[in-house]
Every structure is written in structure tokens, then in C-alpha cells.
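1. Take a look and give me a structure for this.
(4 chains)
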There are 2 protein chains.
Amino acid sequence: MSISQRSDDDEGRQAWLRGVAADVARQDRSSSAERAADILRRSITEGALRPGAQLSEIELTEVLDVSRNTLREAFRLLTHEGLLVYKLHRGVFVPELDEHDVVDLYRLRRVLEVDVLRGLTHRTPELPGERLKPLEDDLLDAEAAALDGRWAAVGTANMRFHRHLIGLADSSRLDDITGRLLAELRLLFHVIATPQELHEPYIARNRSIYQLLCDRQYEQAADVLQDYLLDSEQGLLDAFRAR
Amino acid sequence: MSISQRSDDDEGRQAWLRGVAADVARQDRSSSAERAADILRRSITEGALRPGAQLSEIELTEVLDVSRNTLREAFRLLTHEGLLVYKLHRGVFVPELDEHDVVDLYRLRRVLEVDVLRGLTHRTPELPGERLKPLEDDLLDAEAAALDGRWAAVGTANMRFHRHLIGLADSSRLDDITGRLLAELRLLFHVIATPQELHEPYIARNRSIYQLLCDRQYEQAADVLQDYLLDSEQGLLDAFRAR
DNA sequence: GAGTAGAGATTGTTCAACAATCCTGCAAGA
DNA sequence: TCTTGCAGGATTGTTGAACAATCTCTACTC
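-> Numbering: from 1, shown residues only, chains lettered A, B, ... in the order given. Predicted coordinates:
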């Protein structure tokens, strides 16, 4: 993207400018509440704040250096994502999900993700091959992390893979919903003692889904994904009961 | 839009808001923020605040008689429902949805609602008959409203029918998602000139779905619903283009 | 041991002031 | 004529303090 390459391609240049503008906007356009929410989100998804933990307002206003009003705004953003729950006059807590939530979450994941892949069959125009690039990157990340035994990182990469899978549908609402579902799923992972068993088997299955997508075998990919999700759900339920 | 026309619009809008405010004040509500959100929600869903309209904080603090913080809290509640959008440092606006949003919303509605009905086939324990009672109430409401020509009320009752339909799945997350989808759909209805054509044909089809559910013909009900949603989407798109 | 009253701590709500940002209009320069 | 830069006024973003409502825990009574 060199600037010196000034062809008479006005459209391309405008697109480039728009891309830069969007990049800058993403960096700069965030309120204090969103920044505070970012920090809390990472603390929760990475396990520093365990399910059941209470978040004290006074303590966090000091740590995050924001006012109570702004902090409460951040709480609301995360509540919307399902990463926090309010208990009236008692405060906000990291939710403790149970087996019923596993079933609920996976039911939604199955119907949404599988439908996205099946929908690719009738998509017009046909899915460009470069749209699959982020998926391959996620796979490489997961495989590299697995070699090092970093199972939490494997889980993260696997989730990003599925988020990119959903992204193929080009639906902002679907992306929103998926973001929330996967965030809640991370909460569930934190109560599991053996992350290796939970994540390792699915690296290869994700790659086979990816390969089928590359070959435009969308229906077969959807079938593999369906089985994948059923097995993954069962694995989580087993881990829960063995706890 | 001329200045004078805009001024008239503003006056009418304020008068309307005051009317609703007096209306809601009769009920005792828990918090001022909830009460303010109620007023705004009705103003938006009933069309007094049109898509694209900006909600001025100063103006609304005076009309609703709450502080700016409380008002902003109400804004957050409605943003979560999809009835408002924030633009940083520019304020809150009633979202303007377009044909692309229609397609996006209906795609989600189809996959979710149809899956709920198909899922009833394998449900254990079998769906108790009394779970269908709310659906019949909604149908009666819609039919009564149609006789009086209250087409907006017909639309409301139809939406409640579909919300109750989703409720049969017993999934709190699905209920959340549906609430938001239907709220966005209401925004779309406001740009339609002929509400009768939009809502009337679907009363009978909702009843036929209901009847099939009573007879435990879940797969057939799902098929009818699928066609229903495809036709409804097409009707909305046609109305959009004829605008 | 059961129940209750009250103190202390935490959250819920509101307000007013200040800081940061956007929009508008106008003037200078190419 | 068109662009660019700059005030200024208007609007939103953020804060801290104050007070009300509610919960939790302790101590006391019976």
C-alpha cells in the first residue's frame, strides 16, 4: 500500500482512505467506559476474575481510575455481553454457568454456525477464496500453541476460528450474537481441570472443516461441524460432571 | 427539510412525549431511569420518534424531568434493546434501517424460529398443551384489533405471538435475541405506508401455525412458518421499494 | 437456640460542574 | 471557485460528591 503508487485508480484510493479512517476510528473512538470494559473483559476471559467473584465498585474505581458512574457504564456493557450479572443492591458478579447453560449455548451455536455453512452453497456471488485466509491463520495459531502445550491459547485460537466462520455470513447481528455466545463459553472453560482434552481433539477437526470449505464442499463442512459441536458439548458436560 | 417544518415537527413531538409522560407517571415505577426508558420506548415503537431522529439530552431532561445521568442510563437500556444507537460525541439516534437490515433480520428470524418448532418434535417431556395458551391470547388480540382497523395493534399482537413461539424453546438467550430482533423490526414498520397490507394477511397464517401446534404437527407448523417468514420479508422489501 | 434491632458497609440515584469534542460560519489563500 | 484553517457556540463525555435504599453482620433479648 505504497503512496507513491499513484495510479488513476480513484476508487481504489478512496477505498484505501476509508480503510485507514476506519482503523484510526477504532483506535481513537473509545470512551473511558469502553476502555475500562476492555480491561475487565480480558480479566474475565483470561481467568483473573473467576466465576462467582464479586466486583467491588470502590475498589475498581481506584484500580481503573474512573468514576463510579463510568465504571457502572462499563459494567452495563459487560452485562450485555453476558460476562457480568447484576444482583440488586448486592453488586455485580462474574456469572457461574452450569450444565443447563452448556446445553443452551450449544443449541444456539449449532443452529447458527451450521446454518452459516449451509448458506454458503447458495451464496451469490460465490465466496472468494481470500475470505478463508483468517481461518487458516487461526488454525496455524492453534497448532503452534498446541505444540508448546499452551492449551488456553489453543482454546482462544479455536474460538477465533469459529468467530471467523460465522463472519463468512456477513451479518453484523450474527457477529454480535456469536461474540456473546463465545464469551460465555469461555466462562465455562474456566471451571474445567483438563484444558488439553477439551481443546486438542478439535484442532484437526477445525482443519478438516477448513479444507472442505476450500474445496467448496459446504454441505459436508456443515455436517462435520454439526458432529464437532455435538461432541464438544458432550465433552464439556462430561468435564462438568467429573469436577 | 425546511426550518419551519422541522420546528412544527419538534413541537408536535414534545407534546406527544408530555402526553406519554403523564400516562406512565400514573404507574409507580421502580426507578426514574426505567420510567424514562418506558416513555422513550413507547415513543419509538409507536412512531413519535422516527428513525434518524436525534434525541437531545438537554431537551429530554426538561421534558422527562430527570437528570442527564438518569437519562443517559435510560439511553443505555434502549441501546441494549436495539432501539437507539450511540454516536460518540454526537449523541443518540433512532437507528435508520434499510433493505439490507431486512434481509439480515429475516435470515436470523427464519433460522431461529423454524428451528424452535422443529425442535419440539424431539422434546422431552412433550410440550404441555397449556404452554400454547399465550399464543391463543395473542391471536385473539390480533383478530379483535383487525376488526377495528387498528393495524398497529395487529402488528404488536403478531409480534407477541412470535415472541411466545420462541418462548416454547425455554432458552433465555434465545428470548433475549428475539426481543432485540423484533424491536428492530418495529423500527422498519414505521417507514411503511400501508400497515394493513403488512399485517392483515398474517393473522390467518399465525392461526394455522397455532392449530398445527395444538395437533402436535410440529414439522408442518415449521414449514408454514418458513413460508410465512419468506413472504413477510418479501412484503417488507416491496413496501420499502415502493416508498 | 431463635428471633430481632441496629450499626456499618455497599449499592442505587441524582445533581451540577468541568473537560473534550463536534458543528457552523467566516475569512484568508491558492 | 474551491479549499483550508480557525474561532465560538453547542452538545456530549466524565467526574466527584451527596444522599437514599438495601444488605450483611453483630450483639442483644427472650
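2. The spatially closest residue to A:Val116 that is not a sequence neighbour in helix, strand or coil?
-> Nearest in space to A:Val116, with sequence neighbours left out and distances taken as CB to CB, 6 or more residues apart in numbering or on different chains, is A:Ala169 at 4.5 Å. For glycine as for every other residue, the C-beta is placed from the backbone atoms N, C-alpha and C. Classification of A:Ala169 by DSSP: H, G, I helix; E, B strand; the rest coil places it in coil.
3. I'd say A:Ala169 and A:Gly119 touch.
-> Yes: under the criterion of CB atoms under 8 Å, A:Ala169 makes contact with A:Gly119 at 6.4 Å.
4. helices and strands around the helix or strand hosting A:Leu237, which ones?
-> Element membership of A:Leu237, judged by DSSP states H and E, is helix A:218-241. Packing partners of helix A:218-241 (3 or more CB pairs under 8 Å, 6 or more residues apart in numbering or on different chains; DSSP states H and E): helix A:99-119, helix A:195-214.
5. Tell me which of these sits most buried.
-> helix A:99-119 (a mean of 19; mean count of other CB atoms under 10 Å in any protein chain shown).
6. Just the CA coordinates for whatever helix or strand comes next after that one, please, in CSV.
-> Counting by DSSP H and E, the next helix or strand C-terminal to helix A:99-119 is helix A:133-148. Output of helix A:133-148 as CSV, limited to C-alpha atoms (Å, rounded to 0.1, in the frame of the first residue of the first chain):
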residue,chain,number,x,y,z
LYS,A,133,-7.4,-16.6,5.0
PRO,A,134,-8.2,-15.6,8.6
LEU,A,135,-9.4,-19.1,9.2
GLU,A,136,-6.1,-20.6,8.2
ASP,A,137,-4.2,-18.1,10.4
ASP,A,138,-6.3,-19.2,13.3
LEU,A,139,-5.6,-22.9,12.6
LEU,A,140,-1.8,-22.2,12.4
ASP,A,141,-2.0,-20.3,15.8
ALA,A,142,-3.9,-23.2,17.4
GLU,A,143,-1.4,-25.8,16.0
ALA,A,144,1.6,-23.8,17.1
ALA,A,145,0.1,-23.3,20.6
ALA,A,146,-0.6,-27.0,20.9
LEU,A,147,3.0,-27.9,20.2
ASP,A,148,4.0,-25.7,23.1
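7. Give the buried residues for helix A:133-148.
-> A:Pro134, A:Leu135, A:Asp138, A:Leu139, A:Asp141, A:Ala142, A:Ala145, A:Ala146 (16 or more other CB atoms under 10 Å in any protein chain shown).
8. How about stretch A:180-199?
-> A:180-192, A:195, A:198-199.
9. Same check on stretch A:77-94?
-> Buried-residue list, stretch A:77-94, by 16+ other CB under 10 Å: A:Leu77, A:Leu78, A:His80, A:Glu81, A:Gly82, A:Leu83, A:Leu84, A:Val92, A:Phe93, A:Val94.
10. in what helix or strand does A:Arg180 lie?
-> helix A:172-189.
11. how far off helix A:218-241 does that helix point, in degrees?
-> Taking axes from the mean of the first three to the mean of the last three CA atoms, to 10 degrees, one finds helix A:172-189 and helix A:218-241 inclined to each other by 30 degrees.
12. if we can go back for a sec, switch the buried residues of helix A:133-148 over to CSV; also include distance to chain B and pLDDT.
-> Shown next, in CSV, are the buried residues of helix A:133-148 (distance: CB to the nearest CB, whole Å; pLDDT from 0 to 100):
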residue, distance to chain B, pLDDT
A:Pro134, 21, 97
A:Leu135, 21, 98
A:Asp138, 24, 97
A:Leu139, 26, 97
A:Asp141, 28, 97
A:Ala142, 26, 97
A:Ala145, 29, 96
A:Ala146, 30, 95
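13. which one among these gets closest to A:Ser43?
-> A:Ala145 (20.8 Å; CB to CB).
14. Show residues contacting the helix holding A:Leu237.
-> By CB atoms under 8 Å, 6 or more residues apart in numbering or on different chains, the surrounding residues in contact with helix A:218-241 are A:98-99, A:102-103, A:106, A:109-110, A:113-114, A:117-118, A:120-121, A:165, A:188, A:191-194, A:197-198, A:201-202, A:205-206, A:208-209, A:212-213.
15. All set now, cheers.
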